[in-house]
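1. Task: produce atomic coordinates for the following.
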Amino acid sequence: MPTLLKVGQIVNVQGIRGELRVYPLTDYKERFEELEWVYMENNREDKFYIEKVRYKNNLVILKLKGIDDRNEAERLKNKFLTIDRENARVLPEDTYYIVDLIGLKVFTDKEKFIGNVKNVIQNAGQDLYEIADAENPKKTILIPAVGAFIKEVSIEKGHIIVTPIEGLIE
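-> Okay, here's the model as predicted:
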C-alpha cells in the first residue's frame, strides 16, 4: 500500500499573493484545516506548511508557506497534494481509500473471476468500481459500490466479492 495519499489537486491560483485553488480529493474538505503540512506530488522533500485555509464554492483556497506570489503559485498548477498515510483520517466501517481498492481482484459470489479494479468513479449518487474485464482487457465493467451488489471488500485478502444482477457483467 502506498505511504502517501492524495488529498487534493491544485487546479489554479487565487489572486496575486500565492494562494492556490485546490480541488479536494476527500469527502471532507475541511480536512485541510487539520493538516499542518502537505507534500507536493510524491516527494517528501517538497514539504509545504499550511498557513491559511478558506473555501470558495467546492474548492479549498490554500496559502502555503514559501509560496508568496502568483508566479510561484502558477508553477504548481495541476500538481497533487499528498500526505503521509499515518496522517490519514480513520475511515468509518465499510469505507475505503480509493488507492487501496485499485488492483483488487473482483469475483462473483459464485467464485468466477471478473477482473481487477482499475479505477473508482465518484458520482453524486454512488461510486462505481471500474473493472478491467479478465476475458477482454479492453472492455470495462462498471459495478455500483452499493450493498445490493458488493458482498465483501477485503483489502487484506486483496479481493472484492460481488453479487451481479443479470446483464451487469455481460
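2. quick one: average pLDDT of the longest strand seen in the chain?
-> In the chain, taking DSSP state E as the definition, the longest strand is strand 43-56. In this model, strand 43-56 has an average pLDDT of 93.
3. where exactly do the helices run in this protein?
-> 31-34, 70-74, 98-101 (DSSP state H).
4. who's in contact with the residue nearest to Glu34 when sequence neighbours are not counted?
-> Spatial nearest neighbour of Glu34, chain neighbours left out: Arg89 (8.0 Å); criterion: C-beta to C-beta, 6 or more residues apart in numbering. Backbone N, C-alpha and C define where each C-beta goes, glycine included. Neighbour list for Arg89: Tyr28, Arg31, Glu34 [criterion: C-beta atoms under 8 Å, 6 or more residues apart in numbering].
5. Dump the helices of the chain to JSON lines, plus mean neighbour count and mean pLDDT.
-> Converted to JSON lines, those look like this (neighbours: other C-beta atoms under 10 Å; pLDDT from 0 to 100):
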{"stretch": "helix 31-34", "mean neighbour count": "16", "mean pLDDT": "92"}
{"stretch": "helix 70-74", "mean neighbour count": "15", "mean pLDDT": "95"}
{"stretch": "helix 98-101", "mean neighbour count": "16", "mean pLDDT": "88"}
